[in-house]
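# Quick one, fold the following:
(2 chains)
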Number of protein chains: 2
Amino acid sequence: MLQIQSTLTDNGQVTLALAEVPQPAPKPHEVLIRVDAAPINPSDLGVMLAGADLGTLAATTVEGRPAVTATVPAAALAGLAGRFGRPQPCGNEGAGEVVAAGDHPEAQALIGRTVAAIGGAMYAGYRAMPAAQCLVLNEGTTAEAGASCFVNPLTALAMVDTMRAEGHPALVHTAAASNLGQMLVKICQADSVELVNIVRRPEQAELLRSLGAGHVCDSSQPSFRADLVDALAATGATVAFDATGGGRLASQILDAMEASAQRTATGGYNRYGSTVHKQVYIYGGLERGVTELTRTYGMAWGVGGFLLTNFLTKAGPERAAQLRQRVADEIHTTFASRYTKRIGLAGMLDVAELAAYGRMATGEKYLVLPQS
Amino acid sequence: MLQIQSTLTDNGQVTLALAEVPQPAPKPHEVLIRVDAAPINPSDLGVMLAGADLGTLAATTVEGRPAVTATVPAAALAGLAGRFGRPQPCGNEGAGEVVAAGDHPEAQALIGRTVAAIGGAMYAGYRAMPAAQCLVLNEGTTAEAGASCFVNPLTALAMVDTMRAEGHPALVHTAAASNLGQMLVKICQADSVELVNIVRRPEQAELLRSLGAGHVCDSSQPSFRADLVDALAATGATVAFDATGGGRLASQILDAMEASAQRTATGGYNRYGSTVHKQVYIYGGLERGVTELTRTYGMAWGVGGFLLTNFLTKAGPERAAQLRQRVADEIHTTFASRYTKRIGLAGMLDVAELAAYGRMATGEKYLVLPQS
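Residues are numbered from 1 along each chain as shown, chains lettered A, B, ... in the order given. As a prediction, the model looks like this:
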């Protein structure tokens, strides 16, 4: 079978190629999924391109099959030594029909069912997965509809769970017009959670307002900081989930949270700032540069990484199962994904296509159909 | 009585002056402390100078008494609007004799005792404090010996408590040759806790080694990163307390923690990094610039502010009392402070003295004797 692989050399050349690999044989408790649909998420691009400069994309061939190469800036190579020379399969999540299974009854029971899974190596004809890790889609749900069950839906649900677990009264989300952001708007409406949406363009603000979002702050507007402080004061949000990562947005959010806290502070000026903890979790890296923190928001603040798998480990299997079931039940409503283009595995290696989906533009999303 | 006050105007002029204020009258549960000794800590300088450029110090007079002015860079004014035009008393901590008390028996019982206290406004002839908040020094402990009971000793103890509470096996400390750093070395020796000390100069490394510190990494050496990764691998430290704040040191520590984790990782390359949580707490701002995070250490990381009072609130009154008693009992050993110069309240406003103590140089520490 064919599988997309990304190989990075220690001199910063990354090659994306279609490799011929043996079809996996399911172990007793595993099922073999014929991957029918798999989305391209920003986190997939991180593995595929390793931070390469899109301007350096060039077509090539590997073992007679089409491939693409690109150059990774030296600065982006830090921390990637572990993958030098080791082909990385790509594609975090996807869905398809179970076409074979191991002997275990739990695995056998899934034959013929359409399931969604996360675990990497989904840009391939087939993928073996433990039956217990599959999300069995409800009858009638297609692989296309269920292809994006994990990364966006569960991350959005994890944000709300994290907000509650840490005692924050409301939350902030950046790059809020994304697929994930739109899901979060719907979750918060259904669960009566106050959400402050930060977007970067007026048309994104309009899109979110058309979904019924109450608080939308557009960072391209001169009134952005004042708008943000107003929204934070209205909602009391003290936790934010940031997809941009680099630059000063995380710091600006903390600064605005502190300004909001000062508005309602009693007892006069406190040089160590408000005592309520203000937190920004960075879950993406749309901006690749360094994160700059101005530390102008007292001492009760934190910034940290946020990763779905780490959240699920902490939440425990019971809560994870509840969240997965909610995704399955609401896959056509809350968690419906929209795709702007469908391509096959070979299409992923077309330089023009790669340049388009590699931009990670909000509102543009590709679906890979490995069987096409 | 006289009291040091710092006043900042909205155009960035800060004035440090000796103000005549009424001597406070203790409420029923309060005692009146004659402040005999109070240290100048970096956190005091933050209030006194508001981030002013030391090159702009100039002598002046306010109401006929000597004063000093300086100019605060526009960038440093962010977040300080709350104190514009409001004189701020200075001096976080100090010690002295209780010379009067309110009617409450708990307050009356302290008359004649030498106590230490934290709460601001200690650069003054007298300070009223709730009796319950005073740390009663053991018989024979002088005010000079007990002047620095809180900021450094309790912060050092709070670091070890925080390390334990969060499940880290060892800890890292920066600016480790400071008074606080030397206390931390002794605490960790007594408590069998592994400590990685980061210093900025060879003579600081020697000083710490002379105290018996096992892991000392000098950031001025070309081998710094390799030394740090080795020390982290040897100790397993996954939490750091950083006094510098600005620049890339916090990020370098996280990066080295990740490199250390990768050394022992099993199961091959994980593009989201190690799953063990790596944390840096920033408790000071010796470097005033922005904190730069390169995010080259996976997703299981955090950076945040660390403040003693917030720690004590979380730890609860019982634990706080235990820690205070340990400080009182070990004030001549573990928590002994060394001062390089003693000055009076008026001496604090001498431009040459202010320029000297305002540098916050490691190893230099002033003690204020308000009665001299």
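# which residue packs closest to residue A:323, ignoring adjacent ones?
residue A:157 (4.8 Å; Cβ to Cβ, 6 or more residues apart in numbering or on different chains). Glycine gets a C-beta too; all of them are placed from N, C-alpha and C.
# Please look at the one you found and residue A:188 and confirm they touch.
No - using Cβ atoms under 8 Å as the test, residue A:157 is too far from residue A:188 to be in contact (10.8 Å).
# returning to what we had before: so which strand or helix has the residue nearest to residue A:323?
Using DSSP states H and E, residue A:157 sits within helix A:151-165.
# how about residue A:326, what does it touch?
Neighbouring residues of residue A:326 by Cβ atoms under 8 Å, 6 or more residues apart in numbering or on different chains: residue A:157.
# what residue ranges in chain A score low on pLDDT?
A:266-269, A:362 (pLDDT under 70).
# For it, which segments count as helices?
A:42-49, A:105-108, A:143-146, A:151-165, A:179-191, A:202-210, A:224-235, A:249-264, A:308-315, A:317-329, A:351-357 (DSSP state H).
# returning to that earlier point: who has more neighbours out of residue A:157 and residue A:188?
residue A:157 (26 against 23; other Cβ atoms under 10 Å in any protein chain shown).
# Would you mind naming what in the stretch 251-372 of chain A lies close to chain B?
Within the stretch 251-372 of chain A, the positions lying close to chain B (Cβ under 8 Å from any Cβ of the partner chain) are A:251, A:255, A:258, A:262, A:268-273, A:275, A:282-283, A:285, A:290-307, A:309-310, A:313.
# Among those residues, the buried ones, what's the ChimeraX command?
Listed next is the ChimeraX selection for buried residues among those, using 16 or more other Cβ atoms under 10 Å in any protein chain shown:
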select /A:251,255,258,262,270,271,272,273,282,283,285,290,291,292,293,294,295,296,297,298,299,300,301,302,303,304,305,306,307,309,310
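# Next, check the residues of the stretch 251-372 of chain A next to chain B against the strands and list the overlap.
Here DSSP state E is the test, and these give A:282, A:290-293, A:301-305 as lying in strands.
# Next up, the contacts around the residue of the stretch 101-250 of chain A found nearest chain B.
The minimum distance from the stretch 101-250 of chain A to chain B, using Cβ to the nearest Cβ, falls at residue A:245 (6.2 Å). Contacts of residue A:245 were listed using Cβ under 8 Å, 6+ apart, and they are A:282, A:284-288, A:291, B:295.
# Out of those residues, which is nearest to residue A:104?
residue A:284 (36.7 Å; Cβ to Cβ).
# Give me the spatial nearest neighbour of the closest one, chain neighbours excluded.
residue A:243 (3.6 Å).
# Please apply the same query to residue A:264.
Here the residue nearest residue A:264, using Cβ to Cβ, 6+ apart, is residue A:233, at 7.2 Å.
# these two touch, right, that neighbour and residue A:257?
No - judged on Cβ under 8 Å, residue A:233 makes no contact with residue A:257 at a distance of 9.6 Å.
# higher neighbour count, these two?
Using other Cβ under 10 Å as the criterion, residue A:233 and residue A:257 rank with residue A:257 on top: 30 against 17.
# who's in contact with the more buried one?
A:232, A:237-238, A:240, A:278, A:297.
# is the residue lying closest to it once chain neighbours are set aside in a bridge, and if so with what?
Excluding its sequence neighbours, the residue lying closest to residue A:257 (Cβ to Cβ, 6+ apart) is residue A:278, at 4.3 Å. Beta bridges link residue A:278 to residue A:301, judged by DSSP bridges.
# Around residue A:278, how many other residues sit close by?
By other Cβ under 10 Å, neighbour count at residue A:278 equals 28.
# show me the contacts for it.
Listed by Cβ under 8 Å, 6+ apart, the contact set of residue A:278 reads A:238-239, A:254, A:257-258, A:261, A:297, A:300-302.
# among the residues you listed, which two are most distant?
Maximum pairwise distance among the contacts of residue A:278 (Cβ to Cβ): 14.7 Å, between A:261 and A:302.
# Dump stretch A:247-258 to CSV, keeping only the CA atoms.
In CSV, the C-alpha atoms belonging to stretch A:247-258 read as follows (Å, rounded to 0.1, in the frame of the first residue of the first chain):
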residue,chain,number,x,y,z
GLY,A,247,4.6,37.0,18.7
ARG,A,248,2.9,39.0,21.4
LEU,A,249,-0.8,37.9,21.2
ALA,A,250,-0.5,35.7,24.3
SER,A,251,1.1,38.6,26.2
GLN,A,252,-1.5,41.1,25.0
ILE,A,253,-4.3,38.8,26.3
LEU,A,254,-2.6,38.5,29.7
ASP,A,255,-2.2,42.3,29.7
ALA,A,256,-5.9,42.8,28.9
MET,A,257,-6.9,40.3,31.5
GLU,A,258,-4.9,42.3,34.1
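# How far off centre is that stretch?
21 Å (Cα atoms, centre = their mean, to the nearest Å).
# For the stretch 51-200 of chain A, which residues are neighbours of chain B?
A:78-79, A:82-83, A:86, A:88.
# Quick one, which of those are buried?
A:79, A:83, A:88.
# of those, closest to chain B?
residue A:79 (3.9 Å).
# Not counting its neighbours along the chain, what's nearest the closest one?
residue B:296 (3.9 Å).
# and the one you found, what is it in contact with?
By Cβ under 8 Å, 6+ apart, the contact list for residue B:296 reads A:78-79, B:251, B:255, B:258.
# Farthest-apart pair in those, please.
Put simply, by Cβ to Cβ the two of those set farthest apart are A:79 and B:251, 11.5 Å from each other.
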